[in-house]
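**Student:** starting from these lines, generate the structure:
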Amino acid sequence: MAGATLLLPAARRLGAPSARVAAALGRADMASGLGEGRRAQLRRHATLLPDRWPVAALTRQADAGDAAGAVWLRADPCRIQPDINGARLLDHGDTLGLSMQDVERLLPALKPLFGDAGMPIDAPVPSRWYLRLAPGTRLPAFTEPDEALGADLFDHLAEGPEGRRWRSLLTEAQVVLHNHPWNAWRMDSGLRPVNSLWFWGGGTLPDHVRSDHARLFSDEELARGIAAAAGLEADGLPPRFLAGEGGTLFDLWTLRDPDALERDWLLPALSALQAGELERLVLDTGDGTVFTLARSQRWRLWRRPRTGFQA
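**Tutor:** Here you go, the predicted structure:
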């Protein structure tokens, strides 16, 4: 019989559950402290060997299918805003609303800089730009952009001797982008400029990726990249819950409307569980709290409803 897992946002984004969901959560088996954040959540459902987190290689494989045999680094377009205390990362990737026309205008100006450094740059997707590096290239530690959003840029630059080269390349790229007439056009059109790059996610494809799931539904590129590496079927997220065959993983991390999430996902999934269409339903929150629900739990009448998804 089918089982389903819903990857949910952090509990603070989920709001107060309805009486039906609260009762189900109260009767469920709960595990907490399993790791907070997106990386920890995805790693609960996939094992990578070697045990690293090569975001660039995984998303490159999903975007272009050519990640094998090279080291990859994301060099995502972003917007840095100078202020009196330094400069802050305000936008990156999808939040800039880029099109392939932006890529065609901006990327040729950067190709000589990175080509001369032995690391070709390209962008199979407007919001995800990549550097291809030679096998064995050593990289410093880079900060993921979501961790640096709104923070001072200088607190998140690569450090040490290996970081010096990347700080220099970043400065040169910023000069190229700042002087590019296409950015002037974007600002005149009421759009945000692309005035910097964000280096992150470096590494090579894992030798092996294993998951206990058979299928993934997700609109997020990293989850789909992991699924591709693990040999899972992967499709875009449907408009509402579907009870399928085998272990199915529904990635709802990016959903931000708690009413729609409950209406289209939680309540239909509970109905499928009650009807016997599911053997088990797992609700995995971004806080590291996981609820496991089974049909037999309906007899746990002594348990009180939970007021939320917090541990």
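
**Student:** so what are the sheet partners of the host helix or strand of residue 124 and their directions?
**Tutor:** Using DSSP states H and E, residue 124 maps to strand 121-125. Strand pairing for strand 121-125, using DSSP bridges, gives strand 128-133 (antiparallel).

**Student:** helices of the stretch 1-150 of the chain, start to end?
**Tutor:** Secondary structure of the stretch 1-150 of the chain, counting by DSSP state H, counting those that start in this stretch: helices at 19-27, 38-43, 55-64, 100-116, 145-148.

**Student:** and the ones you listed, which is most packed in?
**Tutor:** For those, the largest average neighbour count (mean count of other CB atoms under 10 Å) is found in helix 55-64, namely a mean of 23. All C-beta atoms are positioned from the backbone trio N, CA, C, and that covers glycine.

**Student:** is it correct that residue 289 is in contact with residue 32?
**Tutor:** Yes - Residue 289 is in contact with residue 32 according to CB atoms under 8 Å; the separation is 4.5 Å.

**Student:** got any residues that touch both of the two?
**Tutor:** Listed as contacting both residue 289 and residue 32 by CB atoms under 8 Å, 6 or more residues apart in numbering are residue 311.

**Student:** so between those two, which is more surrounded?
**Tutor:** Comparing residue 289 with residue 32 by neighbour count (other CB atoms under 10 Å), the higher total belongs to residue 289, at 20 against 12.

**Student:** circling back: out of the helices of the stretch 1-150 of the chain, which gets nearest to residue 307?
**Tutor:** Closest to residue 307 of the helices of the stretch 1-150 of the chain is helix 19-27 (CB to CB; 6.6 Å).

**Student:** buried residues of the biggest helix by length in the chain, list them for me.
**Tutor:** Longest helix of the chain, by residue count under DSSP state H: helix 160-178. Residues of helix 160-178 classed as buried: 163, 166, 169-170, 173, 177 (neighbour count, 16 or more other CB atoms under 10 Å).

**Student:** check stretch 279-288 too.
**Tutor:** Buried positions in stretch 279-288, judged by neighbour count with 16+ other CB under 10 Å: 281-288.

**Student:** for it, what is the average pLDDT?
**Tutor:** Averaging pLDDT along stretch 279-288 gives 95.

**Student:** one more: stretch 226-236?
**Tutor:** Stretch 226-236 carries an average pLDDT of 91.

**Student:** give me the residues contacting it.
**Tutor:** With CB under 8 Å, 6+ apart as the test, stretch 226-236 has contacts from 42, 46, 48, 58, 61-62, 205-206, 209-211, 213-219, 224, 249.

**Student:** ok, 6 Å please
**Tutor:** By CB atoms under 6 Å, 6 or more residues apart in numbering, the surrounding residues in contact with stretch 226-236 are 46, 58, 61-62, 209, 211, 215-217, 219, 224.

**Student:** kindly report the same for stretch 114-124.
**Tutor:** Outside of stretch 114-124, the residues within contact range by CB under 6 Å, 6+ apart are 63-64, 103, 107, 110, 129, 131-133.

**Student:** biggest separation within the residues you listed, which pair?
**Tutor:** Across the contacts of stretch 114-124, the longest distance by CB to CB is 20.2 Å; it joins 103 and 133.

**Student:** okay, the buried residues of stretch 279-288 in CSV with secondary structure and distance to residue 142 next?
**Tutor:** Output for these, formatted as CSV (DSSP: H, G, I helix; E, B strand; the rest coil; distance: CB to CB, whole Å):
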residue, secondary structure, distance to residue 142
281, strand, 37
282, strand, 32
283, strand, 32
284, strand, 27
285, coil, 27
286, coil, 22
287, coil, 25
288, coil, 24
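
**Student:** list the contacts of the spatially most central residue of the chain.
**Tutor:** Central residue of the chain (CA atoms, centre = their mean): residue 222, 5.1 Å from the mean position. The neighbours of residue 222, taking CB under 6 Å, 6+ apart as the test, are 55, 59.

**Student:** got any ranges where the chain has weak pLDDT?
**Tutor:** When residues are selected by pLDDT under 70, those of the chain lie in 1, 245.

**Student:** now do the same contact list for residue 311.
**Tutor:** Counting by CB under 6 Å, 6+ apart, residue 311 touches 32, 289.

**Student:** with residue 47 instead?
**Tutor:** Neighbours of residue 47 in contact, by CB under 6 Å, 6+ apart: residue 210.

**Student:** again, 8 Å this time
**Tutor:** Residue 47 sits next to 209-211 when contact means CB under 8 Å, 6+ apart.
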